[in-house]
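In: just the structure for this:
(2 chains)
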Amino acid sequence: MDTFIVHALTSLLYASVLFLIAGGLSLIYGVMRIVNLAHGNLYAFGAYVSAWAVGVMATRWPTGLLYVLVPLGAVAAAGLGAILEPTLLRPFYRRAEEYQLLVTFGLLLILDDLMRFLWGPYPLSASQLYEAFGSISIGETIYPTYNLVVIAVGALAALGMWAFVYKTQFGVILRATSQNMRMAQALGINVNRVYVQAFTLGCFMAGLGGAVIMPSQGAVLGMGVDALIMAFVVVVIGGLGSLEGALIGAVLVGIVREFGITLFPEIELAVLYLMAAVVLLIRPAGLFGRP
Amino acid sequence: MSIPLPPSRALGWIVATVVVLAVLPWVMDPYQTTLFSYGLVMAIAALGFNLLLGYTGLLSFGHSAYFGVGAYAVALIVKYFKITSLEAFIVGGIVASALVSALFGFVCVRYTRIFFGILTMALSQVLWSLAFKFFWVTGGSDGLRVPTPSLLGVSIPPSEDKMTFLAHRYYYYVLVIFVLAAAAMWIIVHSPFGKALQAIRDNETRAEFVGVHVRHYRWIAFVVSGTYTGLAGALWVPLNGLTTPDILHWTFSGEIVFFTVLGGFGTFAGPIVGAIVFNYLKTFAVGYTVYWQMFLGVVLVTLVLALPNGIMGMVARLFPLRAKAPAS
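Out: Sure thing, here's the model as predicted:
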């Protein structure tokens, strides 16, 4: 039983981070119909900014205060997104999807090296934040408390997104633009502004994902590219453009991955990619996508 | 059946190019020639890739899979059968990549546009993760070594060092295969089959109405495309001497897309030029700075912003008479 709880918690931990990344990717696709291959880099960017800020202040501030710096990564990723959308992506909405993929692939290469340039080739870590939380015991097993914080952040983000998209006026505008961009524009919505906001929000989520997981895993080069592919698996399973889908997909992938690592470690990743392929075959729009 | 010949003006250019390529090892140092062999190998992959992108209108982000299958097929032939004949490598690479692309293609051609891209990418990642994890077969992240092969039954004489071998015998071998592959692709895209693919690219519904079995044609194009890329993978391994899971990773697929677009996917020669130029560009950037990815990224972004038709598209615009695009 204890092991089961630990496995379940680890699945949820993974699912929380995945939801933050994939939810942002899906939100951006849902509103703007653009697949951002550089999305994983924004997740990595969030992790790096947080780790860097914590590292700079580590000797000056008490550990408790350093937690304030963690969300900085999310804000930085959002800021980067707010700069990138109008400058780099806007010229591509009217062009073929191939070019959108290519320009975001170019962006991926640039951001990857930008992080190497800014923070060097070695991983950054802020494990003191992870250790300060201590651990709780579940039966015989010791489980780090910080992981519960990550799960809570993921759950709060999901709740917050739901409230934001379904209960606010901005959410209505967002959904209207997503359903019919021309009609929304005809009704007087400033679509360009909605696009910047949606993209910024999506990047904020990715950055938050990177920031909250950073204390336990550090910020490493290449984390973005790996995260992107997992986020793809999630959105393909859940349905591109659907936030509910991203949530369910993230939980499914989290569970399969956790049990895969324990039961069939060699083919754990292959099983996940195959899962995505099978869902695409049976339900091309994903479990929750609009066909 | 008459074989469609290139226009006579282009024919002169082609003959001149082949002559230049044939004397290359005598005027360039071995390193430069070997570098050029890499470019030719990638050009074969690009020719195959462009059958899907340029002629059928499908953007695959998973062609690393077929390149990698070709390369790993060779490495496994060496590992398990102790065969080092390049002819066996080529047959093995072609058969393996044809089988895998037939299987993957069967699944992928049900979709187009973005879903096609994601599906090809997901499937290529399956192979990458398998190559990574089954290290007792594939060597994991260390990869597998491939020795210098024998060409047409003749192994490398003990007096000859590997660099000379690669820059002469191997270069000519690759050149001959490249010319054959390019000629075959030229025939394919100008055959009724090739015309049907272009009809599918331009308007799927109309193509279906005039009796083109769209999904079946796409599948065949996918298999041909994957097999070309697999052939490139098989020729690449002896050149590189080592195969690692990196060539199965989806970022390598991105490179294939990159150089096809760099050359211009609207023309027949574009991908060839793109592959060779990209190879130099990357080698230069890697040697010049550790931030070569950023350099390539900036090139790519600039390219799609300013020159969406690639190098050959620009050439065609500057010299409209001489370099008329045969494909469009």
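
In: quick one, longest helix in the chain?
Out: No chain specified, so I'll use chain A. Across chain A, the helix with the greatest residue count (assigned by DSSP state H) is helix A:2-32.

In: think we crossed wires, I meant chain B
Out: For chain B, the longest helix by residue count, based on DSSP H, is helix B:214-240.

In: what's the average pLDDT for the helix or strand following it?
Out: Using DSSP states H and E, the next helix or strand after helix B:214-240 towards the C-terminus is strand B:242-243. Mean pLDDT, computed over strand B:242-243, is 86.

In: please apply the same query to stretch B:159-169.
Out: What stretch B:159-169 shows for mean pLDDT is 74.

In: for that stretch, list the C-alpha coordinates in PDB.
Out: What follows is stretch B:159-169, C-alpha atoms only, in PDB (Å, rounded to 0.1, in the frame of the first residue of the first chain):
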ATOM      1  CA  SER B 159      49.400   0.700 -47.600                       C
ATOM      2  CA  GLU B 160      46.500   3.100 -47.900                       C
ATOM      3  CA  ASP B 161      45.400   5.100 -44.900                       C
ATOM      4  CA  LYS B 162      41.700   5.600 -44.100                       C
ATOM      5  CA  MET B 163      41.600   9.300 -45.100                       C
ATOM      6  CA  THR B 164      42.900   8.600 -48.600                       C
ATOM      7  CA  PHE B 165      40.500   5.700 -48.900                       C
ATOM      8  CA  LEU B 166      37.600   8.000 -48.000                       C
ATOM      9  CA  ALA B 167      38.700  10.800 -50.200                       C
ATOM     10  CA  HIS B 168      39.200   8.700 -53.300                       C
ATOM     11  CA  ARG B 169      37.600   5.200 -53.600                       C
END
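
In: buried ones in it?
Out: Buried residues in stretch B:159-169, defined by neighbour count with 16 or more other C-beta atoms under 10 Å in any protein chain shown: B:Thr164, B:Phe165, B:Leu166, B:Ala167, B:His168, B:Arg169. Yep, even glycine has a C-beta here, placed from its N, CA and C like the rest.

In: please give the element, helix or strand, for the second one.
Out: Following DSSP H and E, one finds B:Phe165 within helix B:162-165.

In: could you identify the helix or strand that succeeds that helix?
Out: helix B:171-190.

In: do the helix or strand following that following helix and chain A meet?
Out: For helix B:171-190, the following helix or strand on the C-terminal side (DSSP H and E) is helix B:192-202. No: using C-beta under 8 Å from any C-beta of the partner chain, helix B:192-202 never reaches chain A; the gap is at least 11.6 Å.

In: before we move on, the earlier item: helices and strands around the helix or strand following the longest helix of chain A, which ones?
Out: Following helix A:2-32 in sequence order, the next helix or strand is helix A:39-57 (DSSP H and E). Here helix A:39-57 touches helix A:2-32, helix A:63-66, helix A:72-84, helix A:97-119, helix A:191-217, helix A:223-238, going by 3 or more C-beta pairs under 8 Å, 6 or more residues apart in numbering or on different chains; DSSP states H and E.

In: which positions within the last one qualify as buried?
Out: So that's helix A:223-238. So, applying 16+ other C-beta under 10 Å, buried residues of helix A:223-238: A:223-225, A:227-238.

In: of those, list those near chain B.
Out: Among the buried residues of helix A:223-238, proximity to chain B is found for A:Val225, A:Ile229, A:Phe232, A:Val233, A:Val236 (C-beta under 8 Å from any C-beta).

In: can you list the residues of the stretch 1-150 of chain A near chain B?
Out: Contact residues (C-beta under 8 Å from any C-beta) of the stretch 1-150 of chain A with chain B: A:35, A:37, A:88, A:91-92, A:95, A:97-99, A:101-103, A:105-114, A:116-117.

In: the residue nearest to A:Leu187 when sequence neighbours are not counted: neighbouring residues, count only.
Out: Nearest non-adjacent residue to A:Leu187, counting by C-beta to C-beta, 6 or more residues apart in numbering or on different chains: A:Ala176, 7.5 Å away. Using other C-beta atoms under 10 Å in any protein chain shown, A:Ala176 has 17 other residues around it.

In: so A:Ala176 sits against A:Ile189, correct?
Out: Yes: with contact defined as C-beta atoms under 8 Å, A:Ala176 counts as touching A:Ile189 (6.7 Å).

In: residues from the stretch 1-150 of chain B in reach of chain A?
Out: Checking the stretch 1-150 of chain B against chain A by C-beta under 8 Å from any C-beta, the hits are B:53, B:59, B:61, B:107, B:110-111, B:113-115, B:117-119, B:121-123, B:125-126, B:129-130, B:132-134.

In: in helices, which of those residues appear?
Out: Secondary structure from DSSP H places B:107, B:113-115, B:117-119, B:121-123, B:125-126, B:129-130, B:132-133 of those in helices.

In: can you pull the contacts of A:Ala206?
Out: A:Leu20, A:Ile21, A:Gly24, A:Leu25, A:His39, A:Gly40, A:Leu42, A:Tyr43, A:Gly46, A:Ala77 (C-beta atoms under 8 Å, 6 or more residues apart in numbering or on different chains).

In: quick check: the last one touching A:Phe45?
Out: Yep, that's A:Ala77 we're talking about. Yes: proximity of A:Ala77 to A:Phe45 meets the contact threshold set by C-beta under 8 Å, at 5.1 Å.

In: so those two - more neighbours on which side?
Out: Using other C-beta under 10 Å, the more surrounded residue of A:Ala77 and A:Phe45 is A:Ala77, with 33 against 29.

In: and the residue lying closest to the more buried one once chain neighbours are set aside, how many neighbours does it have?
Out: Excluding its sequence neighbours, the residue lying closest to A:Ala77 (C-beta to C-beta, 6+ apart) is A:Gly207, at 2.4 Å. Neighbourhood size, A:Gly207 [other C-beta under 10 Å]: 33.

In: contacts only, for A:Gly207.
Out: Contact analysis of A:Gly207 by C-beta under 8 Å, 6+ apart lists A:Leu42, A:Tyr43, A:Phe45, A:Gly46, A:Val49, A:Gly73, A:Ala74, A:Val75, A:Ala76, A:Ala77, A:Ala78.

In: swap the cut-off to 10 Å and go again
Out: A:20-21, A:24, A:42-50, A:71-81 (C-beta atoms under 10 Å, 6 or more residues apart in numbering or on different chains).
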